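# What shape does this take:
(chains A and B)
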There are 2 protein chains.
Amino acid sequence: MASSSIGVFDSGIGGLTVVKELFASLPDSRIVYFGDTARVPYGTKSVATVRRYAEEDTELLLQYDVGQIVVACNTVSAVALDVVTRIAGSIPVIGMIAPAASEAVKVTQNGKIGIIGTLATVASGAYEAAIASAAATAGKTVTTYSQGCPLFVPLAEEGWQGHDVARLTAKEYLGDMIESGMDTLILGCTHYPVLADTIHEVVGSHVRLINSGAIAARQVVAASSDSPDRDHLFMVSDLPSRFKNVGERFLGRDLPELHQVIYKESWVVSR
Amino acid sequence: MASSSIGVFDSGIGGLTVVKELFASLPDSRIVYFGDTARVPYGTKSVATVRRYAEEDTELLLQYDVGQIVVACNTVSAVALDVVTRIAGSIPVIGMIAPAASEAVKVTQNGKIGIIGTLATVASGAYEAAIASAAATAGKTVTTYSQGCPLFVPLAEEGWQGHDVARLTAKEYLGDMIESGMDTLILGCTHYPVLADTIHEVVGSHVRLINSGAIAARQVVAASSDSPDRDHLFMVSDLPSRFKNVGERFLGRDLPELHQVIYKESWVVSR
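Predicted structure coming up:
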């Protein structure tokens, strides 16, 4: 019998915005979450390093008999979904990119779609490819505009949503996109929903924001609730205290007890 | 014969502001640098995790026959200098905290000293302790004010020094300190010299800024230059490309070839 547990991982805390959606849509499912808080962030690191981390994160979740894996990190979804899928074998893997791309193509009226994300996500071109594919299927013509916004993650973690610094940073990053006349903007990082109000204010209320995590969460299938262990399991790689404080703000409710996962390592020089 | 190589490590790129000082003061010395770019930043992570990383970073440098070790990271200097010193054995270790604390006590006229750093550095109270000790020795009475500034590191890495966002962020973080009437401010993070002009503008030109890395670099002893290998060695744990671009801005000159150091790991659940 397939496990009813839903495995979810992220570089850190942003994936909790996806768990928030899962709690709302599938309240009877058990969540096994891992946030790699000892190595966060992923979005400013190289593709090779993110792929190695994605492999290790997936192997950790597979130790907990999960029935499906949600890659609640746009960076991993953009550059390492194939790694996760290969290691997961027959277990279904849900990434953040394709669902949000399809939704953006569906809702755009003027065919102008903006994409914001980490430097790694934007550099990958994964959203552009997924949007082009969805547009071809839908017979629509679309134009995309993308922008890496590396300061949005630390701003969200600092709790400065709504602060003038967040507004000014959003204006700096999004100015060219606003000029483009886009009517749809993909929040291509699971941290960004925390800044959604400020981003919406800056780009204008006529622009439709696509929350990539919320859209992807719809693809998660309800699983049977006959598992003997009904408690959610939340794991992090750094000490849990800071994750708990910021995480409860991201999640909008209390977190259960957090477990720390550590790793042993040895340096190897690559020449 | 003691090695003439100076080992320097940091969580990432900030330590290059210290290397810049070493290149100026000790141009004949060989530098062996390690930046842990695959796990950066350290300053938002827990003491336990930073201590584990510091141990691993030190063990890496010791493989390269260094004659002294410069901990070019205020966070490690604040919470894990004992770890580095223990592992280094008879090799001298230079941290960032004590030299800057002594300098601040020496230059303050009104005894009011501000300290800015990462969350981990500020929470440790290491600067307060070192300043109290230096003040007792000097027979001075001092009062300290401290503030964690977690957005300064990503702002420096984004290259937004001088930008309105940096100015507004500095005003937000430093407002209370300015009110205190401090005449001396310790830049207690090796990233901050990159933002020094903006910080100086916000706190006022009458405030003396103490560059912790530059002060600590004076404690590094000139070493004999008869090593057979005269080339500097720069290692990073993520791919070198981004480090090279941002690093040359921090260093103020070209970097030599960069080597990547990777590590192998396995997860261990800590219950």
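
# contact partners of the one helix or strand A:His200 maps to?
Here A:His200, judged by DSSP states H and E, is contained in helix A:196-203. The contact list for helix A:196-203, computed with Cβ atoms under 8 Å, 6 or more residues apart in numbering or on different chains, reads A:114, A:116, A:161-162, A:166-167, A:170-171, A:174, A:177-178, A:182, A:185, A:187, A:192, A:207, A:209, A:211. C-beta: built from backbone N, CA, C; applies to glycine.

# Which among the residues you listed count as buried?
A:114, A:116, A:161, A:166-167, A:170-171, A:174, A:177-178, A:182, A:185, A:187, A:192, A:207, A:209, A:211 (16 or more other Cβ atoms under 10 Å in any protein chain shown).

# Among the residues you listed, name the ones in helices.
Using DSSP state H, the subset of the buried ones among the contacts of helix A:196-203 located in helices is A:Ala166, A:Arg167, A:Ala170, A:Lys171, A:Leu174, A:Met177, A:Ile178.

# any chance of those in JSON lines, plus pLDDT and distance to A:Val246?
Output for those, formatted as JSON lines (pLDDT from 0 to 100; distance: Cβ to Cβ, whole Å):
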{"residue": "A:Ala166", "pLDDT": "98", "distance to A:Val246": "15"}
{"residue": "A:Arg167", "pLDDT": "97", "distance to A:Val246": "21"}
{"residue": "A:Ala170", "pLDDT": "98", "distance to A:Val246": "20"}
{"residue": "A:Lys171", "pLDDT": "97", "distance to A:Val246": "25"}
{"residue": "A:Leu174", "pLDDT": "98", "distance to A:Val246": "24"}
{"residue": "A:Met177", "pLDDT": "95", "distance to A:Val246": "28"}
{"residue": "A:Ile178", "pLDDT": "96", "distance to A:Val246": "29"}
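
# export the residues you listed to TSV and tack on distance to B:Pro41?
Shown next, in TSV, are those (distance: Cβ to Cβ, whole Å):
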residue	distance to B:Pro41
A:Ala166	20
A:Arg167	24
A:Ala170	22
A:Lys171	25
A:Leu174	25
A:Met177	28
A:Ile178	31
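
# Return only those of those residues found close to chain B.
Applying Cβ under 8 Å from any Cβ of the partner chain, the subset of these adjacent to chain B is empty.

# what residues go with each domain of chain A?
Here the domain parsing of chain A from automatic domain parsing is A:5-95+A:216-260, A:97-213.

# between those, which gets nearest to B:Ala78?
Nearest to B:Ala78 among those is domain A:5-95+A:216-260; the distance by Cβ to Cβ comes to 16.3 Å.

# any chance you could map the strands in chain A?
A:5-10, A:30-35, A:68-71, A:93-94, A:112-117, A:143-148, A:184-188, A:208-211, A:233-236, A:258-270 (DSSP state E).

# worst average pLDDT in these?
Per-stretch mean pLDDT for the strands of chain A is lowest at strand A:258-270 (a mean of 72).

# got the strands of chain A as TSV, with distance to chain B columns?
Below are those laid out as TSV (distance: least, Cβ to the nearest Cβ, whole Å):
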stretch	distance to chain B
strand A:5-10	12
strand A:30-35	9
strand A:68-71	16
strand A:93-94	19
strand A:112-117	15
strand A:143-148	10
strand A:184-188	18
strand A:208-211	22
strand A:233-236	7
strand A:258-270	4
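
# so which of those strands gets nearest A:Ala134?
Nearest to A:Ala134, of the strands of chain A and by Cβ to Cβ, is strand A:112-117 at 10.1 Å.
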